[in-house]
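> Any chance you could fold what I've pasted below:
(chains A and B)
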Amino acid sequence: MPNYSLFKSRNTAVLTLILCLLILLTPGSSFGRSHDDCEKESVTESLEVLNEGSTPDDYDSLSKSDLTRWSFRLAAQNASFTGFFLMREEDNDIIGSTINEFGISAIDFIYLKKNRKIKITGIAGFLNKWYIKLLLRKDLSVAVSKLTDPSYNLPKGYGYSEEDGTITITNRKQNVSYQFSLL
Amino acid sequence: MKKIIYLLLIILAYTFPVSSQTPLTGKELSAAVATLNKTSSQLKSLQCDFTQTKHLKMLKDKMISKGKMYYSSPDKLRWEYTSPYQYIFIFNGTKVYIKNKGTQNVIDTKSNKIFKEVARIMMQTVTGKALSNSEDFSVSISKDSKSYQVILTPKKKDLKQLFYKVRLNFSQTSKLITEIRLDEKNGDYTVISMTNTKIDIPLNAKLFSL
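Numbering: from 1, shown residues only, chains lettered A, B, ... in the order given. Below is the predicted model of the structure:
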């Protein structure tokens, strides 16, 4: 005869077991997720940390008034990228993202206002080379500093021009230019 | 005990809801691919309105844009945003033309591998031709009473860097694409809904240049 000493009856034990299973299999519990979800989650782990507690459904509840949108073009000798450059102020820093015309993400970053530095938090595979990231970190730090503070003096080796609302910042040494036009 | 069994059945039904979509396999899958391919391969031109919603995990935001798309076989595409801003993006052979307010740019894709690749895949995606491209994607299809849902999983390293998965919705009646969802590795995704689609209508050549 089994001993159900923790429970009043066998039925209560079965009911408790079912409730435990329900909790484990409910969406939101990691046990209820598909293989795809888990695979996706592992890839996005670094971004999850930055967005802890938010889900796509939360987007609407957030203020969007401070999202600044620029059309964007990066032009190097044998490569270029066009699309949109998006920025939002958050917790005294700026978070940003660049996407192409079809919505494909290229660079996610945080601009630390305190020391005017860019921290790249996500980058598309085709740009994911140490020397490209090094260049982008440096150049985007300069670009975002200038976009957010027009009085900022560009470091040596950088050029600036503005024509018909389009701002161009050039890294003269590497011959890479960044064009921004406010949307 | 009977009550517990009923309760268990209810819980199972809640936990594993029965999907209305039926995955296709074997002959059914081949037949669906052939049907959809037939329509896309015969496509000479296409015009539609689109609504593009980009979900940005990093910015905890979504970006909604609307516009018009024009396609002329084999390699011309005009992607024109009309709201909330005016922005024109044109692929024409090896050239990309961009117009934003007063600024115009021309880019040659010959020396730009990634640009060329994105252009090729997007053109194949919006027309449904990506389905017949077994070199780039593995294809799975399911269907319900109104539509075919196609999932394209990139095979090549270059493509895997751009997309995690591409999901296409085809209308069962017209066999044309109604929705595209581009999933990326970082959790971002873009949904492009296509409406007022017209096919094989004459398009002015001027649409594909600036």
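> Which residues are in contact with B:Thr178?
By C-beta atoms under 8 Å, 6 or more residues apart in numbering or on different chains, the contact set of B:Thr178 is B:Ser147, B:Asn169, B:Phe170, B:Ser171, B:Ser193, B:Met194, B:Thr195, B:Thr197. All C-beta spots, glycine's among them, are computed from the backbone N, C-alpha and C.
> Look up how far A:Ile107 lies from it.
B:Thr178 sits 31 Å away from A:Ile107, going by C-beta to C-beta, to the nearest Å.
> do B:Arg167 as well
B:Arg167 is 24 Å from A:Ile107, by C-beta to C-beta.
> can you give me the helices in chain B?
Remark: helices assigned in chain B by DSSP state H are B:2-15, B:26-41, B:113-127, B:157-160.
> how about the longest one as PDB, C-alpha atoms only?
Taking only C-alpha atoms (Å, rounded to 0.1, in the frame of the first residue of the first chain), the coordinates of helix B:26-41 have been written out as PDB:
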ATOM      1  CA  GLY B  26       6.200  14.200 -49.400                       C
ATOM      2  CA  LYS B  27       4.000  14.600 -52.500                       C
ATOM      3  CA  GLU B  28       1.900  17.300 -50.900                       C
ATOM      4  CA  LEU B  29       4.900  19.400 -50.200                       C
ATOM      5  CA  SER B  30       6.300  19.000 -53.700                       C
ATOM      6  CA  ALA B  31       2.900  19.900 -55.200                       C
ATOM      7  CA  ALA B  32       2.600  23.000 -53.100                       C
ATOM      8  CA  VAL B  33       6.200  24.100 -54.000                       C
ATOM      9  CA  ALA B  34       5.400  23.500 -57.700                       C
ATOM     10  CA  THR B  35       2.200  25.500 -57.600                       C
ATOM     11  CA  LEU B  36       3.700  28.500 -55.800                       C
ATOM     12  CA  ASN B  37       6.800  28.300 -58.100                       C
ATOM     13  CA  LYS B  38       4.700  28.300 -61.200                       C
ATOM     14  CA  THR B  39       3.000  31.600 -60.200                       C
ATOM     15  CA  SER B  40       6.300  33.300 -59.100                       C
ATOM     16  CA  SER B  41       8.300  32.200 -62.100                       C
END
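> Quick one, grab the pLDDT at the residue nearest the centre of chain B.
By C-alpha atoms, centre = their mean, chain B has its centre lying nearest to B:Ile180, at 3.2 Å. As predicted, B:Ile180 sits at a pLDDT of 94.
> That one contacts B:Ile192, correct?
Yes - using C-beta atoms under 8 Å, B:Ile180 is in contact with B:Ile192, at 4.4 Å.
> Common neighbours of those two, please.
B:Val126.
> Tell me how many other residues crowd the closest residue to chain A within chain B.
The nearest approach of chain B to chain A comes at B:Gln161, 2.5 Å away (C-beta to the nearest C-beta). Look at B:Gln161: counted by other C-beta atoms under 10 Å in any protein chain shown, it has 18 neighbours.
> hang on, it packs against A:Gly125?
Yes - using C-beta under 8 Å, B:Gln161 is in contact with A:Gly125, at 2.5 Å.
> Which residues are in contact with each of those two?
By C-beta under 8 Å, 6+ apart, the residues touching both B:Gln161 and A:Gly125 are B:Lys185.
> Which secondary structure element of the chain has the lowest mean pLDDT?
You didn't pick a chain, so chain A it is. Using mean pLDDT, DSSP states H and E, the weakest-scoring helix or strand in chain A turns out to be helix A:45-50, at a mean of 31.
> Follow the chain on from that helix and name the next helix or strand.
strand A:68-75 (DSSP states H and E).
> What is that next one packed up against?
Judged by 3 or more C-beta pairs under 8 Å, 6 or more residues apart in numbering or on different chains; DSSP states H and E, the packing partners of strand A:68-75 are strand A:80-90, strand A:176-182.
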